[in-house]
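# generate coordinates for the sequence data below:
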Amino acid sequence: MAMIEQHHEWLLARGITDATIERFGLHSKSDGHGQWLRVPFMENGQVVNHKWRKTMAKDHRMDKDAPLLLWNHRALVEAARTGAALVITEGEWDGMIADQSGWPLVTSVPNGADDQPSEDVFTAKRYEWFHRHRPLLDKVQKFILATDGDEAGRILAADLARLLGPERCWYIDYPEGSKDLNEVALGYSEQQVMDTLFAAKPYPVVGLYKMYDFPEHPDFSPTGLGIDGLDELWPLVPGTFTIVTGWPSHGKSTAVLAAVASLIKRGVPLALGSFETMVKPVLQRRLRATVLGCHEAEDLAKRSGPADDMINEKLSIISNLHANDDTELTIERIIELAIVAVLRDGIKLLVLDPWNEMEHKRGRDESETDYVGRAIRLLKRFGKDYHCAVWVVAHPRKPNTDGTPKKPSLLDLSGSAHFANKADYGVIFHRDNFGDDIVVATVCKKRMGLPGAMGQVTLAWAASTSSYHKVRME
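Coordinates of the predicted model:
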């Protein structure tokens, strides 16, 4: 079929050879709207549709009322028969370049890419060709999605992966300065086109990855808590999730506050959601005493002084400041505030004390167990995404005892076994005798590979210095 010189030169400028022009039956056609370059779309040896293209402007159309089908249907047939990989391009010119570069099993979508993803790819009119070819497409073992490297091309690739199944799809990275196969051939070579296709990678499947998909994890860089004997068992590790428990008045909040004050003194910024202890004067006085190493009843802990600057600089407090503040501190809101604290104040630790006094809003038909699991997932995701440790202080369920409860386990926590199952660290504080200031701290869980160790340490509380020290056992 005849081709005008203008169309011929345009194709040669795109790197498409005379042999390729002849093999795919390209020709010129005129009508009342001017000269068109026509590309036949064939199926089983018969012309079913045409792509009409003007070369002086980006103006194209297809035959009226003709069905949508993939360009180069014979390649689809051969890929379905042999199991060889089929390349799908965004346009016929890229497909022709792949073919003449040495990859003949190539086809193209008939209508390019859209700049908006389809709500439902299986009912979208632009993908009607999928249902026409589905018996053959289902037999193809591997698709290489060679769509353009721009946003519309990425949207098309995502739609194709949904249609064809991401487990059968591979994607390509274009060499620098190229966004499609045509530009690779013109800017580099036809051999580079082949190299690019051979270097295709499996299309990402959510939840299934290769080792190279994972970013390098930053060093754990554990920080000691400044509590003798406990540092070796339970350090502060960014990105981890810790559950702290113990019966009321058994020292868990006191120990956590001692660790918080020690970290403040070491220059570690952190955020504290204190939902049970009055911020002023109780929390403020106890923090001052622990930072200064004095009794909380001393005047030094009751008045402003050098400790306040340090506390104000390193500590962010999550709380409802005013009595008429009806903002609900749900788990979602707390995480929003924690993210602000990371970005604004650089916090490395989020402490929530206690879990039982937080505002827990379950979804409709959401059980307590389901809610706890969801809330912990949100907290762990925050910790990993923002490289921030999360400590949650939680009370156990009330025991059936004679008044001297036995040491609880993580499975005794009120709400769900998720506390035990999902924690990276589990720490229990327990006192056997309320006649002294001795507490046993037990690290009952440490996830494999993390710093620290499982074990226990006996600590004595020194009220005169608001600090713990390790009890040396005989």
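# now do the strands in the stretch 51-200 of the chain.
59-62, 86-89, 106-108, 143-146, 169-171 (DSSP state E, counting those that start in this stretch).
# so how far is the third one from its chain's centroid?
Which is strand 106-108. 33 Å (C-alpha atoms, centre = their mean, to the nearest Å).
# distance of the residue most central in space within the chain from residue 374?
The centre of the chain sits closest to residue 385, judged by C-alpha atoms, centre = their mean, with a distance of 7.4 Å. Computed as C-beta to C-beta, to the nearest Å, the residue 385 to residue 374 distance reads 16 Å. (Glycine included, C-beta is placed from N, CA and C.)
# over to residue 285?
Residue 285 is 36 Å from residue 374, by C-beta to C-beta.
# so the two - more neighbours on which side?
residue 285 (18 against 15; other C-beta atoms under 10 Å).
# that one touches residue 296, doesn't it?
Yes - counting by C-beta atoms under 8 Å, residue 285 touches residue 296, with 5.2 Å between them.
# point me to the helix or strand that includes residue 273.
Element membership for residue 273, per DSSP states H and E: strand 270-274.
# who does that strand pair up with?
strand 315-318 (parallel), strand 349-353 (parallel) (DSSP bridges).
# what's near enough to touch the residue in the chain sticking out farthest from the centre?
Most distant from the centre of the chain: residue 2, at 55.1 Å, with distances by C-alpha atoms, centre = their mean. Neighbouring residues of residue 2 by C-beta atoms under 8 Å, 6 or more residues apart in numbering: 27-28.
# and it, what element?
Per DSSP H and E, there is no helix or strand for residue 2.
# how close does it get to residue 341?
The value you get for residue 2 to residue 341, if C-beta to C-beta is used, is 72 Å.
# what do you get for residue 211?
Taking C-beta to C-beta, one finds residue 211 at 33 Å from residue 341.
# also residue 216?
Taken as C-beta to C-beta, the span from residue 216 to residue 341 is 25 Å.
# neighbour-wise, which of those two wins?
residue 341 (21 against 5).
# which SS class is that one?
Secondary structure assignment for residue 341 (DSSP: H, G, I helix; E, B strand; the rest coil): helix.
# is it true that it touches residue 273?
No - if you go by C-beta under 8 Å, residue 341 and residue 273 don't touch, sitting 10.4 Å apart.
# what's the overlap in contacts for the two?
With C-beta under 8 Å, 6+ apart as the test, residue 341 and residue 273 both reach 318, 350.
# between the two ends of stretch 222-242, how far is it?
Stretch 222-242 stretches 14 Å from its first residue to its last (C-alpha to C-alpha, to the nearest Å).
# quick one: the helices in the stretch 51-200 of the chain?
Under the criterion DSSP state H, counting those that start in this stretch, helices of the stretch 51-200 of the chain are mapped to 73-82, 92-101, 128-137, 151-164, 181-187, 190-198.
# who's in contact with the last one?
The set of residues that contact helix 190-198 without belonging to it, under C-beta under 8 Å, 6+ apart, is 87, 97-98, 100-103, 144, 146, 172-175, 181, 184-185.
# the helix or strand of the chain with the lowest mean pLDDT: partners in the sheet, and parallel or antiparallel?
The helix or strand of the chain with the lowest confidence, counting by mean pLDDT, DSSP states H and E, is strand 59-62 at a mean of 86. Strand 59-62 pairs in its sheet with strand 46-54 (antiparallel), by DSSP bridges.
# what residues of the partner strand count as buried?
Buried positions in strand 46-54, judged by neighbour count with 16 or more other C-beta atoms under 10 Å: 48-54.
# so how far is stretch 410-420 off the chain centroid?
26 Å.
# correction: the previous question concerned stretch 435-446.
Counting by C-alpha atoms, centre = their mean, stretch 435-446 comes out at 36 Å from the chain centroid.
# and it, which residues are buried?
For stretch 435-446, by 16+ other C-beta under 10 Å, it's 439-446.
# and what of stretch 449-469?
Of the residues in stretch 449-469, those buried (16+ other C-beta under 10 Å) are 451-452, 456-457, 459, 461, 466-468.
# then stretch 168-188?
168-172, 174, 178, 180-185, 188.
# now tabulate the strands of the stretch 51-200 of the chain in TSV and tack on distance to residue 247.
Formatted as TSV, the strands of the stretch 51-200 of the chain follow (distance: least, C-beta to C-beta, whole Å):
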stretch	distance to residue 247
strand 59-62	75
strand 86-89	63
strand 106-108	69
strand 143-146	59
strand 169-171	55
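# among those, which comes closest to residue 241?
strand 169-171 (33.9 Å; C-beta to C-beta).
# the closest one packs against which elements?
Here strand 169-171 touches strand 143-146, helix 151-164, strand 201-202, going by 3 or more C-beta pairs under 8 Å, 6 or more residues apart in numbering; DSSP states H and E.
# out of the ones you listed, deepest packed?
Stretch with highest mean neighbour count among the helices and strands packed on strand 169-171: strand 143-146 (a mean of 26; mean count of other C-beta atoms under 10 Å).
# how far away from the center of its chain is it?
Using C-alpha atoms, centre = their mean, the offset of strand 143-146 from its chain centre is 25 Å.
# now the angle from the helix or strand harbouring residue 40 to strand 46-54?
Using DSSP H and E, the element containing residue 40 is strand 34-43. In terms of direction (axes from the mean of the first three to the mean of the last three C-alpha atoms, to 10 degrees), strand 34-43 departs from strand 46-54 by 150 degrees.
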